[in-house]
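Enquirer: my questions concern the predicted model and sequence given below.
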Amino acid sequence: MPLASESELGTMVPTLPLTAEVGDVLRLPPVSPSLEDPCAPLRALLQQYMTPEEVARARDAYELAANAHGAQTRRSGEPYIHHPVAVACILAELQLDIFTIQAALLHDVIEDCNISKENIIERFGPEVAEMVDGVSKLGQVRFETREEAQAENFRKMFLAMSRDIRVVLIKLADRLHNMRTMGVMTPEKRRRISRETLDIYAPIAQRLGIHAIRIELEELAFSHLYPKRWHTLNEAVKAARGNRKEAVQKIEHALEDRLLQEGFAAQVSGREKHVYSIYRKMQKKGMPFGDIHDLHAFRIIVADVDTCYRVLGLVHSLYRPIPGRFKDYIAIPKSNGYQSLHTVLLGPFGHPVEVQIRTEDMHRVAEAGVAAHWLYKTGSSNVHAETQARAWLQRLLELQIQGGDSQEFLESVKLDLFPDEVYVFTPKGKILSLPRGATAVDFAYAVHTDIGDQAVAARVNDMYVPLRSPLNNGDKVEIVTAASAHPQPGWLDVVVTGKARSSVRAYLKTIQRGDAEVLGRNLLEKALQSLGANLQQVEATDFQRVLVTFNVQDESQLLAAIGMGEVFPLVVAHKLLPEEGDRGRLAQTARRLGHAVSQLLPSRLSREEATKKPLLIRGTEGMPVTLARCCRPIPGDPILGFISVGKGVVVHTHDCHNIREWRKRRDRWVDVQWDPAAQGEFPVAIRVVAESARGVLARIATLISDEDSNIDHVDIEPQDGLYTGITFTIEAHDRDHLARIMRSLRSLPMVSRVQRVKG
């Protein structure tokens, strides 16, 4: 479906309360700071479960934040202090401890204000200061691309989480409030933030079991990313709600009556599938909305675990269970600590009905996840969720230690955020949860890195299978190892866990580096020799400058990168030589490499010669050159050169849309410029919107010819019957020549618009 306009988003994007489901742990709807006293809603929430002394401590944090942010405002125009207060309110709805509330109020003061970490330690202690520092972004560090900066921010956040999981609770609440208030942003920015939310933040909330926040993040992100789809599905759900109201009430009353007859004290509640959940099921199974019948589910909360299983038998006697649809998450909890019995029954109207059965403690953990560990004075035990979260964060630390850049680290984290688990057993009967599709190699690394590195075969259910074999629920797996074995490059094609992938990459990099360094030195020597120099003649200052350019630590790392093909030796050789070289020496070098002197010295090329001889681009000496077809650069355009395997230097314009995703590859970029003497005829695309009338095309073609240009190709695209879009590929000598052609075209009375086409 097409995306809605910004005005449509303003009316159809929902703000979903955290109390969207019946029986949620969260008791209050989302609250917003008041204009009179922004802290009033937070104080009201805190007074429900904190002592007066703790409320006063929260007030101290609020006053510091309010003074620090001062007259700062958000894009909507409201005072900035409203944002940290709203974040603190979300966490207060979860009834988190005073330290988390203080850190939430202060979470932006290090990044946006002149408040240091030491100031926070002095006033509120190291525990609060560490959380605030963990949430803060890397504002002082500059990165080449948004993606690189964002990946490094996530790395810092995950490492801060490993010290205190409350860091991510604040970050999730921060993202939730930002999602609720995105209406003032441009559609493009809303879509980018929503995509990031679905890719990272909602899965983190799920991984940590914080169901209430995950649901709202998904709903808001979906509504911003695909507003028309959200609106259509939401209206369909409302219509179905009315049609199925009688069926839902009948099932709910039947369950309540049967439980009462058998003497069970239980709470029965119905809940409706969320719009994003329905959308994902429609996509995954290729089903239309009308074929999805399990829009409603029922939850039964009982006193203890024994009663859960007894109630399960009762509901199975009431409605017939559907085979293969029963899951026991009490005996084998999910990786985020979630516990419950799930069963799907055939309802009285012939539609499937899901029933979840759990205890009160299980329900609290199901809604708050790892956050339940800090629920204020509940006395609740959430050992399993806390242990699982710690285990996951420990795996993240291992990924960090094994190396790789920030984006590789984030890629590995993403693999762990979408588990869809299978449960397998070790030979000693221990249960391990792995992502769906995990292989015996993933299992080996999940047990221990050394087991994975030395794995040679696997026994699954007492039968030998290849290490590449995928595992299924209930498999008993044993890994056969050998001291002489080592990871294979082909494993990267089959592993699905971040730990396995990171471990294999780290090993391969280690064993390859020594050989690659020797090869890289030889390649660089040859490249320098082709330019009339050698490695011994390179000044230390020039080498240091090149290390900074390629973002490497030392000479050996640069040579290894050359040897592994990550950096082109000729590019390094050019950058090692002084920028102001001798023109005659370069010309002699070009001749030795079989290139015409005219590549470097002024000359005039005919059209035929221009198609056969090297392009007049400075900075590409010794390398073949190709003009990018996406942006079609011509003399006079600001240009960049990108090293491409098999093509040499591919020249793009500075504003080409393709270079955005390549800017992070600094090692592949070379500084190039047009030679002032560059002449020839270069293809360039222009689009003309003209009246749909007889003879228009002929008039335009004649004018282009009169301006000393040829037409290589024409595409005609009728529009509304009154106007026609015509795309010409013409030949221009340079940017000035193209501008002259376009001015002449605009002077024609039948021409409405003329523009250059790039990409």
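Expert: Cool, the structure landed. Note that the coordinates shown come from a computational prediction; the quantities given were computed from them, not determined experimentally.
Enquirer: neighbours of Ser223, just the number please.
Expert: Ser223 has 28 neighbouring residues, counting by other C-beta atoms under 10 Å. C-beta: built from backbone N, CA, C; applies to glycine.
Enquirer: so what's the nearest residue to Leu295 once chain neighbours are set aside up against?
Expert: Nearest-residue entry for Leu295: Lys273, 5.1 Å, with adjacent residues in sequence omitted and distances by C-beta to C-beta, 6 or more residues apart in numbering. Neighbour list for Lys273: Val237, Asp294, Leu295, His296, Ala297 [criterion: C-beta atoms under 8 Å, 6 or more residues apart in numbering].
Enquirer: out of these, which is most surrounded?
Expert: His296 (21 neighbours).
Enquirer: quick one, phi psi at Val495?
Expert: When quoted as degrees, to the nearest 10, the phi and psi of Val495 stand at phi -70, psi 150.
Enquirer: that one against Phe443, yeah?
Expert: No. With contact defined as C-beta atoms under 8 Å, Val495 does not count as touching Phe443 (10.2 Å).
Enquirer: so, low pLDDT: which residues of the stretch 201-350 of the chain?
Expert: 242-243, 293-294, 335-336 (pLDDT under 70).
Enquirer: just to revisit the earlier point, got the phi and psi for the residue nearest to Leu295?
Expert: phi -60, psi 140.
Enquirer: could you number the chain from 29 rather than 1 from now on?
Expert: Shifting the count to begin at 29 puts that one at Lys301.
Enquirer: look up how far Arg308 lies from it.
Expert: 10 Å (C-beta to C-beta, to the nearest Å).
Enquirer: now do Asn686
Expert: 31 Å.
Enquirer: now, which of the contacts of Lys301 lie within helices?
Expert: Val265 (DSSP state H).
Enquirer: between the contacts of Lys301, which sits nearest Leu74?
Expert: The closest of the contacts of Lys301 to Leu74 turns out to be Ala325 (C-beta to C-beta; 33.4 Å).
Enquirer: in space, what's closest to that closest one - neighbours in sequence excluded?
Expert: Nearest non-adjacent residue to Ala325 (C-beta to C-beta, 6+ apart): Glu382, at 4.0 Å.
Enquirer: is that neighbour in contact with Leu374, as I believe?
Expert: No. Contact criterion C-beta under 8 Å: Glu382 and Leu374 do not qualify, at 11.4 Å.
Enquirer: the two: who's more crowded?
Expert: Higher neighbour count among Glu382 and Leu374: Glu382, with 18 against 14, using other C-beta under 10 Å.
Enquirer: list of residues touching the host helix or strand of that one?
Expert: Assigned by DSSP states H and E, Glu382 belongs to strand 380-387. With contacts defined as C-beta under 8 Å, 6+ apart, strand 380-387 is touched by 279, 283, 321-322, 324-333, 335-336, 339-340, 343, 347, 350, 353, 358, 367-375, 394.
Enquirer: tell me the buried residues within those residues.
Expert: Buried residues within those, counting neighbours by 16 or more other C-beta atoms under 10 Å: 279, 283, 324-330, 335-336, 339-340, 343, 347, 358, 367-373, 375, 394.
Enquirer: mean confidence for the longest helix along the chain?
Expert: Using DSSP H, we find that the single longest helix of the chain is helix 526-558. Mean pLDDT, computed over helix 526-558, is 75.
Enquirer: okay, buried residues for that helix please.
Expert: 526-536, 541, 544-545, 547-549, 551-553, 555-556, 558.
Enquirer: what about the residue nearest to Thr525 when sequence neighbours are not counted, how many neighbours?
Expert: Once flanking residues are discounted, Thr525 sits nearest to Asp470: 4.5 Å by C-beta to C-beta, 6+ apart. By the criterion of other C-beta under 10 Å, Asp470 has 27 neighbours.
Enquirer: kindly report the same for Gln585.
Expert: With other C-beta under 10 Å as criterion, Gln585 counts 16.
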